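> build me a model from this:
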Amino acid sequence: MNAAPDITVTGAPRWLRGLESVVRPLENVAALVGASMMLLAMAFMTLDATLRYLFNSPIQFASRLIEFYLMVGMFAMPLAWGFRTGGYIRIVGAVALLPERIQHLVLRLGLFVSALYVAMLAWTSGRHFLDAWERDEVYVGVWDWSVAWSWIWVPAGLTLLTLRLLILTVGPASELNAAHSDAPGDKP
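Sure, this is the predicted structure:
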């Protein structure tokens, strides 16, 4: 798969380059947060298994922390970065047979509809976070764990993905092709 080119160096309008210059670093930070959560999950899982089998003394909160906080963040946070760098599957099918101008229109329409759907998911998950926060919901266990903080990662990651989709929707046609072309024989 081809990584999306840097939209800031092309003939994009100034406002789009400005938006890209804000979103790209946020995507990078979000991906690092997701990667850090993965490392923490692996560390806790390894330490828990070691303590459980060698000393019969597992970490009581490890599974709750991993399941409700770290795994959610490690999947949700790097979504936009993954899309920007080509970490997706696209089936072109009949679209590849259309004239280039129509292909661009279809791709832009698909990106826009996807952005609307992801924005709706971000909004809904954000509302769920706020509702859990206002009601002070908790997971009951050895310790009480805030439900709200297990949800914060979902609207954060989905909001960044929405912005990435919108940037590609309105970006230059050359970026649209380069960012979404991974057919055999295409040049990187």
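> which stretches of the chain form strands?
Using DSSP state E, the strands of the chain run over 138-139, 145-146.
> neighbouring strands - and their directions - for the last one?
Meaning strand 145-146. strand 138-139 (antiparallel) (DSSP bridges).
> what's next to the partner strand, contact-wise?
64, 68, 144-147, 150 (Cβ atoms under 8 Å, 6 or more residues apart in numbering). For the C-beta atoms, the positions are set from N, CA and C on the backbone; glycine is no exception.
> give me the residue ranges of the chain where confidence is low.
Scanning the chain with the threshold set as pLDDT under 70 gives 1-11, 174-188.
> grab the most central residue of it for me.
In the chain, the residue lying closest to the centroid (Cα atoms, centre = their mean) is Leu79, at 1.5 Å.
> ok, that residue touching Leu158?
Yes - when contacts are counted by Cβ atoms under 8 Å, Leu79 is listed as touching Leu158 (6.8 Å).
> closest one to Met42 among the strands of the chain?
strand 145-146 (20.1 Å; Cβ to Cβ).
> list of residues touching that closest one?
Contacts to strand 145-146, defined as Cβ under 8 Å, 6+ apart, come from residues 61, 64-65, 68-69, 132-133, 136-139.
> mind doing that once more with 7 Å?
Here strand 145-146 makes contact (Cβ atoms under 7 Å, 6 or more residues apart in numbering) with 64, 68, 138-139.
> and what of stretch 57-72?
For stretch 57-72, using Cβ under 7 Å, 6+ apart, the contacting residues are 37, 40-41, 44-45, 47-48, 51-52, 139, 141-143, 145, 149-150, 153-154.
> just the buried ones from these?
Neighbour counting over the contacts of stretch 57-72 (16 or more other Cβ atoms under 10 Å) leaves 37, 40-41, 44, 48, 145, 150, 153-154 as the buried ones.
> where along the protein do the helices fall?
Using DSSP state H, the helices found in the chain span residues 14-55, 62-65, 71-76, 79-84, 100-135, 147-151, 153-170, 173-180.
> centre of the chain to the fourth one, how far?
Between the centre of helix 79-84 and the centre of its host chain there is 5 Å, according to Cα atoms, centre = their mean, to the nearest Å.
> ok, now the fifth one?
Taking Cα atoms, centre = their mean, one finds helix 100-135 lying 12 Å from the centre of the chain it belongs to.
> return the set of buried residues in that helix.
103, 107-108, 111, 114-115, 118-119, 121-122, 125-126, 128-129, 132.
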